[in-house]
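Visitor: Pasted the sequence and its predicted model underneath.
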Amino acid sequence: MNSTLDRRHLPSEKYKRNAAWLSALALVVVGLCAYFKFEPLLLITDFHYLVNLVGEMTPPNFAVISTKANIFSSLLQTISMAFLGTLLGGITALLLAVLAAKNTSPNPVLRTAVRLFLSVERVIPGLVVLLVFLIVVGLGPFAGMLSLWIGTIGMFGKLFADSIEAIDPEPVEAVRSVGAGRLQTVRFAVVPQVLPSIIGNLFYAFDINLRAAIGLGIFGGAGVGYEISMAMKLLRYRDALALIMLTIVLVFVFEKLSDALRNRVLGQDLLR
Amino acid sequence: MSQPITYAGIRRKQTAQTATALVLTTVGAYLAALSCKVDLGVLWEGGSKGAEFLGYFFPPNWSAVADILTPALETVLLAFLSTIFGSILSLFFALAAAANISPPWLRGLSRFLLAAERSLPEIVILLLLISALGLGPFPGVIAMSLGCIGMLGRLFSDAIEEINPATLESIASVGAGKRQVIVYGVLPQVLPSLVANTIFRFEVNIRLSVLLGAVGAGGIGYQLYYSFATLQYQRATTAILITLAMVFASERLSDFLRRRVAPAQKL
């Protein structure tokens, strides 16, 4: 009789649950692939296109860096967009965060309004902001910089406000008890407590913005992103590969640089 | 003979350092402003033009909702599919990049590949794939899946390196092979953090797919860009509103799911 079958020879409840979840997930994935006519097999059958492309791209034509006059300035533009966008965005985000934090905001109505603004602004995609700025200031790095500025405010306004709300209240009371006004309290009790985390986050924001500047450049007509997409459109694949490799090195170097700077700034008590 | 350390001396040194940092930042900002062609006059003039222009965006063209909802859904599905593929790929790279599992040469190699991928923006990968494979969701999914690897691979491998080595040793000591150590020792310990990071990446991919769509991966990003390019601004407003709702919903969902999967996880 089957009823003598021992429970421990059957799959456990946990195993069955996991198996059910995984099969459901697999089904969804397969269904989606079918819906998009996405055949993983295409990767194999169309692989020769990729190989062709690689063939056309190599060897990278590094001469483009010296022969085309504006490559260097377009790299500089990308870096500048990211730097200014981060700096201005960070300053604006800090100002708004002071207004949005419960313990520093001068007025509850203003606080709610700023909070609401920050949370709506956070979800606006960078592309939309860029398209609007393109109309306002025209094609070029300025539009990209402005949209990174807006993006940085969205990324960090709420975060900064939260970190201001999480500070130790005692220094605030101490400073206030000796007669400091609102601005003095912010300067001497709030800023010293949150500045290290803000600076750390801004270096992180710069890394993100540098990548975003490359992408936005494609639409904004500025920076190295634009140069790459132009080279691809003109089928100058060997130029494109040289530019891509240059970009990778650039982003990599700046990431290391911003790591080193962050450790230097945060390591010594420069900010107390 | 060294100077005695005094409060005034420390203050002076700090002031000097702060001043240096401020001066350097200001000079950097000035040079960057030159390079970016910052022109407040243009912004001021454009501001009034822009304000007038914003009028064209209203009222939103509600009749386009039906046209745009399908691409929006496609964007979500593309992001989902890419996140699944990307996280599976990332896991392999992460195992190869974790110091406690893989040999030093393999670890160095995969760390290097992960760092290189992180420096390569997804949009560049997509441009490459579009030239090889043509437009459409297919290159989009591949670009986004590959785009996950740099970030998720790094986070996964950090999580794997943080696990308690005693567990791995005890499993290895009863005769488990490498694969068994990974399946029974590593994966159960890192799973919550893997899932939490993957869900977070889903949110990133939703935002990303808006941008990638505009370049040619389809979905709502294309609708958005197309509406702007054909001056159908009221239709663009509809697309923007749907995008906002989509991004907002994905953010809420990812917050909620992450809290359920890993209550103590900080991302």
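Guide: Cool, the structure landed.

Visitor: drop to CA atoms for contacts and neighbour counts, all remaining ones
Guide: Fine.

Visitor: would you list every one of the helices in chain B?
Guide: Secondary structure of chain B (DSSP state H): helices at B:7-35, B:40-54, B:65-97, B:104-119, B:122-133, B:137-161, B:165-173, B:178-180, B:187-212, B:220-229, B:233-261.

Visitor: What residues sit buried inside the first one?
Guide: Think helix B:7-35. By 16 or more other CA atoms under 10 Å in any protein chain shown, the buried positions in helix B:7-35 come out as B:Gln14, B:Ala29, B:Ala32, B:Ala33, B:Ser35.

Visitor: Is there any residue in it that contacts chain A?
Guide: Yes: with CA under 8 Å from any CA of the partner chain as the criterion, chain A is reached by helix B:7-35 at B:Gln14, B:Gln17, B:Thr18, B:Ala29, B:Leu31, B:Ala32, B:Ala33, B:Ser35.

Visitor: if we can go back for a sec, nearest to A:Leu84, of the helices of chain B?
Guide: Nearest to A:Leu84 among those is helix B:7-35 (6.1 Å), distances taken as CA to CA.

Visitor: same for the closest one, what does it pack against?
Guide: helix A:71-100 (3 or more CA pairs under 8 Å, 6 or more residues apart in numbering or on different chains; DSSP states H and E).

Visitor: which of the residues in the helix it packs on are buried?
Guide: Buried-residue list, helix A:71-100, by 16+ other CA under 10 Å: A:71, A:74-94, A:96-100.

Visitor: what's the closest of the residues of helix B:7-35 next to chain A to chain A?
Guide: Each of the residues of helix B:7-35 next to chain A was checked against chain A using CA to the nearest CA; the closest is B:Ala32, at 4.4 Å.

Visitor: give me every residue that touches the nearest residue to that closest one once chain neighbours are set aside.
Guide: Leaving aside its sequence neighbours, B:Ala32 sits nearest to A:Ser80 (CA to CA, 6 or more residues apart in numbering or on different chains; 4.4 Å). Shown in contact with A:Ser80 (CA atoms under 8 Å, 6 or more residues apart in numbering or on different chains): A:Met145, B:Ala29, B:Leu31, B:Ala32, B:Ala33, B:Ser35, B:Cys36.

Visitor: at 10 Å instead, please
Guide: A:Ser80 sits next to A:74, A:86, A:141-142, A:145, A:210, A:213, A:223, B:28-37 when contact means CA atoms under 10 Å, 6 or more residues apart in numbering or on different chains.

Visitor: still on that earlier bit, now the residues of helix B:7-35 next to chain A as CSV including distance to B:Pro188?
Guide: Output for these, formatted as CSV (distance: CA to CA, whole Å):
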residue, distance to B:Pro188
B:Gln14, 49
B:Gln17, 48
B:Thr18, 48
B:Ala29, 48
B:Leu31, 51
B:Ala32, 48
B:Ala33, 51
B:Ser35, 51
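
Visitor: can you list contacts of stretch A:252-270?
Guide: Outside stretch A:252-270, the residues that touch it by CA under 10 Å, 6+ apart are A:79, A:195-197, A:199-204, A:206-208, A:210, A:246-249, A:251, A:271, B:13-18, B:21, B:115-120.

Visitor: for it, which positions count as buried?
Guide: A:Phe252, A:Phe254, A:Glu255, A:Ser258, A:Asp259, A:Arg262, A:Val265, A:Leu266, A:Leu270.

Visitor: okay, those residues in TSV with secondary structure next?
Guide: TSV is the format used below for the buried residues of stretch A:252-270 (DSSP: H, G, I helix; E, B strand; the rest coil):
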residue	secondary structure
A:Phe252	helix
A:Phe254	helix
A:Glu255	helix
A:Ser258	helix
A:Asp259	helix
A:Arg262	helix
A:Val265	helix
A:Leu266	helix
A:Leu270	coil
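
Visitor: do you know how far the residue nearest in space to the middle of chain B is from A:Ala34?
Guide: Nearest to the mean C-alpha position of chain B, by CA atoms, centre = their mean, lies B:Val204 at 4.6 Å. As defined by CA to CA, to the nearest Å, B:Val204 lies at a distance of 24 Å from A:Ala34.

Visitor: Could you do B:Pro137 as well?
Guide: Going from B:Pro137 to A:Ala34 by CA to CA gives 12 Å.

Visitor: right, and A:Lys102 touches A:Ile167 too?
Guide: No: taking contacts as CA atoms under 10 Å, A:Lys102 lies outside contact range of A:Ile167: 11.1 Å.

Visitor: so where's chain A uncertain?
Guide: A:1-5, A:7-8, A:40, A:69, A:267-272 (pLDDT under 70).

Visitor: can you tell me which helix or strand the spatially most central residue of it belongs to?
Guide: Chain A has A:Ile208 as the residue nearest its centroid, 3.5 Å off, counting by CA atoms, centre = their mean. Taking DSSP states H and E as the criterion, A:Ile208 maps to helix A:191-220.

Visitor: what's the angle from that helix to helix B:187-212?
Guide: Here helix A:191-220 runs at an angle of 50 degrees relative to helix B:187-212 (axes from the mean of the first three to the mean of the last three CA atoms, to 10 degrees).

Visitor: And helix A:191-220, what does it pack against?
Guide: helix A:71-100, helix A:126-137, helix A:141-165, helix A:223-233, helix A:237-267, helix B:104-119, helix B:122-133, helix B:187-212 (3 or more CA pairs under 10 Å, 6 or more residues apart in numbering or on different chains; DSSP states H and E).

Visitor: Identify each buried residue in that helix, please.
Guide: A:191, A:193-196, A:198-220.

Visitor: what's around the closest residue in space to A:Gly85 that isn't next to it in sequence, how many residues?
Guide: Spatial nearest neighbour of A:Gly85, chain neighbours left out: A:Trp149 (4.1 Å); criterion: CA to CA, 6+ apart. When neighbours are counted by other CA atoms under 10 Å in any protein chain shown, A:Trp149 registers 26.

Visitor: residue contacts, A:Trp149?
Guide: By CA under 10 Å, 6+ apart, the neighbours of A:Trp149 are A:81-93, A:143, A:155, A:209.

Visitor: And the worst-scoring helix or strand of chain B on mean pLDDT, what's buried?
Guide: The helix or strand of chain B with the lowest confidence, counting by mean pLDDT, DSSP states H and E, is helix B:40-54 at a mean of 79. By 16+ other CA under 10 Å, the buried positions in helix B:40-54 come out as B:Leu43, B:Gly46, B:Gly47, B:Gly50, B:Phe53.
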